[in-house]
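Asks: Here you go, sequence then predicted model.
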Amino acid sequence: MIINFLFFLLLFVTASATTAAAAAAATATEGIAALADRILGPGRGLSFDFALSTEPELWSRWHQAGNDSYVVAVVEDGRIRIEGTTLSALARGLRHYATDTLHLDLYWFIGPGRQHLPPGPLPPPKQTLRGSSLVPWRYNLNTVTFSYSFVWYDWDEWEKLLDWSAWRGINVQLAWVGYEMIYLQSFRAMGLSDDEIIPFFTGPAFQSWNRLGNVRSSWGGLGDLPLGWIQGQDTLQRRIVRRMVELGITPVLPAFPGFVPDALLRVRPNSTNSVTRVSWTDVPEAVGGILFLSPLDPVYAELQQQFVRFQMEAYGNVSNIYALDQFNELKPPVSGHTEETLRAISRATDAALSAANPAAVWLMQGWLFFNDQSFWSPSRVDAYLGGVADDKALVVLDLFAESEPQWNRTRSFAGRPWVWCMLHTFGSNMNLYGRASAVVSGLAVAQSSSSSSSSATMLLGLGLSPEGYGANEVIYDLVLDQAWSATSTSQLPDWFSSWAELRYAGVVVVPRPLIRAWQLLGAHVYDCKDEAIPSAGVGVYQLSPRLQGLVGRTRHFPSPTALHYDARLLRRVWRLMLAAAAEKAALWTQPAFQLDLVDVTRQILSNAFTDRYEALIAAFRAAMTPPAAPTLAPLPFRRSRSDSDSDSDKSGEVAERGADLLRLLDSLDLVLSAEPAYRLSKWLGDARRSAAQVVDADDLFAFNARSQITVWLAEKHELNDYAARAWAGLTRSYYRPRWEVFVDGLVQACSVGSINESAIVARIGDFERQWQYRGFDGEARPRPR
């Protein structure tokens, strides 16, 4: 039974990414040749002879190393031949050649590490290059990345992301753009009108959580999601999926999870007893409380059929893998016989998906099992996952495996195939951070525990599941490298050194101080061993000001502010980087060095802000502490002139400490402005460009862009600053004014002898809410009533 199951799943997974290309074998590798043109330069793809192996070893994909493999060599006509078992293997082989022979790699924000290759034929590899993957799946993306990072992406940015993914050997990736069009078409087919469906959708920056059943409707008083946006995203998704197939990346398409507009009951009144209103923590009823349709109701299967059909019509037969998450931070609507009900829900879900596509593979994020462990006991996990029949496919993403692995708590997800994933950052928080040792050792343990003779420990792959992309790229490279060559903890120093040498290869010989800087970063900043700090955090300056509770926060939520390294070490790294630039002046013009120096500098200033904040609070408490009463005075104590002068001095110290703090924020904003990717103007500019494609969308899109990275949802205060970013413009126009209100409040409190912190917090809250309505140009606008 196990062997049959494995073969069944393997057959459809491996076929999905190549179905469209198989009809024309002669042109199957054109997408990889085009990839070479985009990264190495126009026409460079002609220097290669790309070929797919005629007899890939399918069985090895499940049981041993050699899942995907490639060989790079020179053929008689002088061209460089790259032969691989899959298109993904060819792309990885191309990268191997580029990094080994050309000393060139592809990076976020800056593209190829060497901006220009010399003219003339490409040099041959010094020796035959070979590579084999250790796992069949190399997965990418989290459901919410599509909001925190990709909401305003146009085709140019998607093309760069897909190139980066293919270049690094990713072969399975979530394709969640255009979801709303599939949803709209499916419910139209059920008889609902657009006026009944579209108000269910959130604004563009919050669509991920609408899809997950957490929130509904567009808040802020600026109208519903425009139909033009839905149509534009549908067009973009078709292009994305087409390119993914060309690059050998299997698209993971959305399935229908069960969340429905209230109007469904108008056309399917018999389903009234099959819906339950589910709520996401303390979200107000107006934007929460979404109806979940039980998969046991026949209407669920009807909707699933529509979802799959419309995607097949839009994209073709390009994938059999479907993302389906029913209880993301939601309590399952069960009572009484809980385990039996959970098993029935998953059994019916699987049956509906299989009826729509008999080859379907259900891909589920395993976040729910960590997020609510009090509910998801091992027996309930077994029941829910065990509802899928043995001869059908269910794959679970262990979403936070580098810090909170669930595979070892859940009997490897009840014996289902699973993928080890690194989450790393929540809300796209940007503090410098990584867990290098936990990554390599955790993966090693997972792989050693995986058995070829039992599905109970079936590690299917590894992957990336960050809530946002945008910082700490080095740790993402480390994870993806483990899919092709395992690194031990003792080898990490050499790995970081090699990574740095390749990153700055444009200066030919990388100065030793720069290598040393990255060795220190790798050993300390990117190797957090403190279990209490499981994810990238934020700076205290990014939080709404308070008198206490901001410094030294741990755990992943709210975002941590504690440091896992000595802050002085980072200043040493900074000095080493400057020494390297003094030795090699060419570094100053290299985009990679510019970006990395901004990263280190911004983190140093963020750490320094914490020190200045603590100094401010200490000065304020000292100023507010009444003088000790005289022990022998027979009359009531009266403040003398010298006492008043002393109080004035203390108040002045509070003002000066506050001014120091605000000056540091000015410096930080200036540093951040040196990196185009770290500017609020880029985020707002991208949102403005998106709004220009739609009629009358400026106010809604600007509000969405501003709200997501600040208050998120004003009525849900626990998400305030959840998606805080280290960006120029945001620091100057949002973080600094909040701290200015706070400092002014402390200085005023010193003058009157008492503090009303609630009033200060209220003034800050007023500013935060008003800031959401400043549009694209930053000018204050009246808030809709």
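Replies: That came through, no problem.

Asks: Could you name the helices and strands sitting against whichever strand or helix holds residue 578?
Replies: Here residue 578 sits within helix 567-583, counting by DSSP states H and E. Other helices and strands packing on helix 567-583, by 3 or more C-beta pairs under 8 Å, 6 or more residues apart in numbering; DSSP states H and E, are helix 512-520, helix 591-624. C-beta: built from backbone N, CA, C; applies to glycine.

Asks: would you list every one of the strands in the stretch 251-400 of the chain?
Replies: Counting by DSSP state E, counting those that start in this stretch, residue ranges of the strands within the stretch 251-400 of the chain are 259-260, 275-278, 290-293, 321-323, 361-365, 393-398.

Asks: deepest of the ones you listed, which one?
Replies: Highest mean neighbour count of these: strand 393-398, a mean of 27 (counted as mean count of other C-beta atoms under 10 Å).

Asks: Pipe the strands of the stretch 251-400 of the chain into JSON lines and attach mean pLDDT and distance to residue 113 per row.
Replies: Output for these, formatted as JSON lines (pLDDT from 0 to 100; distance: least, C-beta to C-beta, whole Å):
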{"stretch": "strand 259-260", "mean pLDDT": "99", "distance to residue 113": "43"}
{"stretch": "strand 275-278", "mean pLDDT": "96", "distance to residue 113": "47"}
{"stretch": "strand 290-293", "mean pLDDT": "98", "distance to residue 113": "45"}
{"stretch": "strand 321-323", "mean pLDDT": "98", "distance to residue 113": "32"}
{"stretch": "strand 361-365", "mean pLDDT": "98", "distance to residue 113": "33"}
{"stretch": "strand 393-398", "mean pLDDT": "95", "distance to residue 113": "30"}
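
Asks: between the helices and strands packed on helix 567-583, which one is nearest to residue 331?
Replies: helix 591-624 (36.8 Å; C-beta to C-beta).

Asks: what packs against that closest one?
Replies: helix 567-583, helix 641-672, helix 736-752.

Asks: Just the angle for it relative to helix 736-752, thanks.
Replies: Interaxial angle, helix 591-624 versus helix 736-752 (axes from the mean of the first three to the mean of the last three C-alpha atoms, to 10 degrees): 20 degrees.

Asks: Could I get the buried residue list for helix 591-624?
Replies: Within helix 591-624, the residues that qualify as buried by neighbour count (16 or more other C-beta atoms under 10 Å) are 591-593, 595-610, 612-613, 615-617, 619-620, 623-624.

Asks: returning to what we had before: how about the helices and strands packed on helix 591-624 in TSV, adding distance to residue 282?
Replies: Listed next are the helices and strands packed on helix 591-624 as TSV, based on distance: least, C-beta to C-beta, whole Å:
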stretch	distance to residue 282
helix 567-583	35
helix 641-672	31
helix 736-752	23
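
Asks: out of the helices and strands packed on helix 567-583, nearest to residue 74?
Replies: Taking C-beta to C-beta, helix 591-624 is the member of the helices and strands packed on helix 567-583 nearest to residue 74, at 29.6 Å.

Asks: report the angle between the axes of the helix holding residue 578 and helix 512-520?
Replies: Relative orientation of helix 567-583 versus helix 512-520 (the same axes, to 10 degrees): 150 degrees.

Asks: CA-only coordinates of helix 567-583 in CSV, if you can.
Replies: Output of helix 567-583 as CSV, limited to C-alpha atoms (Å, rounded to 0.1, in the frame of the first residue of the first chain):
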residue,chain,number,x,y,z
ALA,A,567,25.8,44.8,20.5
ARG,A,568,29.5,45.8,20.5
LEU,A,569,30.3,43.0,18.1
LEU,A,570,28.2,44.6,15.4
ARG,A,571,30.2,47.8,15.7
ARG,A,572,33.4,45.7,15.2
VAL,A,573,31.8,44.2,12.1
TRP,A,574,31.1,47.8,10.9
ARG,A,575,34.7,48.8,11.4
LEU,A,576,36.0,45.8,9.5
MET,A,577,33.7,46.6,6.6
LEU,A,578,35.1,50.2,6.5
ALA,A,579,38.7,48.8,6.7
ALA,A,580,37.9,46.5,3.7
ALA,A,581,36.6,49.5,1.7
ALA,A,582,39.7,51.5,2.6
GLU,A,583,41.7,48.6,1.2
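
Asks: State the mean pLDDT of it.
Replies: Across helix 567-583, the average pLDDT comes to 99.

Asks: Buried residues of it, list them for me.
Replies: Buried-residue list, helix 567-583, by 16+ other C-beta under 10 Å: 570, 573-574, 576-577, 580-581.

Asks: Can you tell me which of those is nearest residue 496?
Replies: residue 573 (12.1 Å).

Asks: Could you dump the helices and strands packed on helix 567-583 into TSV with distance to residue 471 added?
Replies: Listed next are the helices and strands packed on helix 567-583 as TSV, based on distance: least, C-beta to C-beta, whole Å:
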stretch	distance to residue 471
helix 512-520	16
helix 591-624	7
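
Asks: What residues sit buried inside stretch 323-333?
Replies: 323-328, 330, 332-333.
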